[in-house]
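A.B. asks: Sequence below, structure please.
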Amino acid sequence: MKKFKTITVGVFISIIFFSFSLAIENKILFKVNNEIITSIDILTELKYLGSINKDLKKTTNNQAFEIAKRSLIREKIKEIELKKLLKEIEVEEKFLNNLLINYFKSINIKTISEFEKFFISQDIDPNLIKKKISIEILWNQFIYSKFKQNVKIDRKSIQNELSNNVKKKEFLLSEILFNINENEELNDKIVLLKKEINEKGFSQTALSYSISDTSSKGGKLGWVSETIMSPKIKNKVKKIKVGDHTDPIVIPGGFLIIKIEDIREKDNSSDLNNEIEKIIKDKTNEQLNQFSNIYFNKIKKDIVINEL
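C.D. replies: Numbering: from 1, shown residues only. As a prediction, this is how the structure comes out:
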């Protein structure tokens, strides 16, 4: 099976990036419990990831294969857990369509018609992408229902902080979230990641190594207000300049490396109440993401993954 994987990876990359017309025999490559991942699944995932992140073209064949494999295994594990709770992996159509447009706005998709046309042009069935995003939506809803009571937000301190200083910095951030396996040493992993960042760039390293859901977009977090950062992360971020990244920061569920892409100052005096609500929402999501990673790592230990 190792031989099949090595040969197939090159074929996959050639098809995606150089548009060679070549028939691929559909074989089962992995089993995640009783869920299968086929060679066509890997091919489709590579097409999908390549369509939303051009850095995939810069990876080696083996790296691209591993990225697609990791992404699909993560998706299958979430799906397995959701199937214990739900009869169907299905989201109400109007709600799903609105989220699809928002999720893919970075590639200039503004309507469902544009969404469908775009992925058809990439030789990807739009329904597969709808299912993929539906799994993420349902997973997030599940995490919210399970952990919402554990979220701790101090509304009063947020109000006081904004009232005392209406001008706040916002940081355009990217992240690499990682943990270490039983056969890895933390220092060795840190040295490897720093080497990859220096040689290949932060975005490509995030794509290849980050276990966060942001990895498919090169680790991009978007604009983050300093008000929503934990004291530990804020302290680390404020010590570096635009273009630099932090050393690994210990957080629940792993280790985090943050890069500053840009900084801006925002005046919140005109709409203080809305800004408070936005910060509360962002802080809530940050904590829920940490609970999500912790819970995912927990259930993954009970999953059997076989390479066939």
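A.B. asks: Tell me where the stretch 201-308 of the chain has helices.
C.D. replies: Assigned by DSSP state H, counting those that start in this stretch, the stretch 201-308 of the chain shows helices spanning 202-209, 231-237, 272-300.
A.B. asks: Can you spell out which helices and strands pack onto the second one?
C.D. replies: Okay, so that is helix 231-237. Packing partners of helix 231-237 (3 or more Cβ pairs under 8 Å, 6 or more residues apart in numbering; DSSP states H and E): strand 249-251, strand 254-267. Glycine gets a C-beta too; all of them are placed from N, C-alpha and C.
A.B. asks: Any buried residues in it, and which?
C.D. replies: Buried residues in helix 231-237, defined by neighbour count with 16 or more other Cβ atoms under 10 Å: 233-234, 236-237.
A.B. asks: Next, give me the two most distant ones among those.
C.D. replies: Lys234 and Lys236 (7.4 Å; Cβ to Cβ).
A.B. asks: Isn't Ser216 up against Ser71?
C.D. replies: Yes. The criterion here is Cβ atoms under 8 Å, and Ser216 meets it with Ser71 at 6.5 Å.
A.B. asks: which residues do those two both contact?
C.D. replies: Leu49 (Cβ atoms under 8 Å, 6 or more residues apart in numbering).
A.B. asks: Between the buried residues of helix 231-237, which sits nearest Ile279?
C.D. replies: Among the buried residues of helix 231-237, and counting by Cβ to Cβ, the member closest to Ile279 is Lys234, at 13.0 Å.
A.B. asks: That closest one: what's it in contact with?
C.D. replies: Glu226.
A.B. asks: how far away is it from Tyr209?
C.D. replies: Separation of Lys234 from Tyr209 (Cβ to Cβ, to the nearest Å): 24 Å.
A.B. asks: ok, now Lys76?
C.D. replies: Noted for Lys76: a distance of 20 Å to Tyr209, by Cβ to Cβ.
A.B. asks: Over to Val32?
C.D. replies: Relative to Tyr209, and taking Cβ to Cβ, Val32 is found at 20 Å.
A.B. asks: List the contacts of stretch 193-201.
C.D. replies: Taking Cβ under 8 Å, 6+ apart as the rule, stretch 193-201 contacts 55, 58, 176, 178, 204-205, 208-209, 245, 248, 257.
A.B. asks: Narrow the residues you listed to just the buried residues.
C.D. replies: Counted by 16+ other Cβ under 10 Å, the contacts of stretch 193-201 give 55, 176, 178, 204-205, 208-209, 245, 248, 257 as buried.
A.B. asks: In contact with Leu100, which residues?
C.D. replies: 109, 112, 115, 129-130, 133.
A.B. asks: Next, the contact list for the closest residue to Glu45 other than its chain neighbours, please.
C.D. replies: Residue nearest to Glu45 in three dimensions, not counting chain neighbours: Ala68, with 4.1 Å by Cβ to Cβ, 6 or more residues apart in numbering. Contacts for Ala68 (Cβ under 8 Å, 6+ apart) come out as 42, 45-46, 49.
A.B. asks: where does the stretch 201-308 of the chain dip in pLDDT?
C.D. replies: 268-270 (pLDDT under 70).
A.B. asks: let's see 80
C.D. replies: 266-272 (pLDDT under 80).
A.B. asks: so what pLDDT did Ile52 get?
C.D. replies: Note for Ile52: predicted pLDDT of 88.
A.B. asks: Next one: Ile258 relative to Asp188, how far apart?
C.D. replies: From Ile258 to Asp188 the distance is 21 Å (Cβ to Cβ).
A.B. asks: quick one: which of those two has more around it?
C.D. replies: When Ile258 and Asp188 are compared for neighbours, Ile258 comes out ahead with 25 against 10, by other Cβ atoms under 10 Å.
A.B. asks: Name all residues that make contact with the more buried one.
C.D. replies: Contacts of Ile258 by Cβ under 8 Å, 6+ apart are 173-175, 233, 236-237, 245-246, 249.
A.B. asks: mind redoing it with 7 Å?
C.D. replies: Counting by Cβ atoms under 7 Å, 6 or more residues apart in numbering, Ile258 touches 173, 175, 233, 236-237, 245-246.
A.B. asks: wait, Asp55 sits on Gly218?
C.D. replies: Yes. Between Asp55 and Gly218 there is a contact under Cβ atoms under 7 Å: 5.5 Å.
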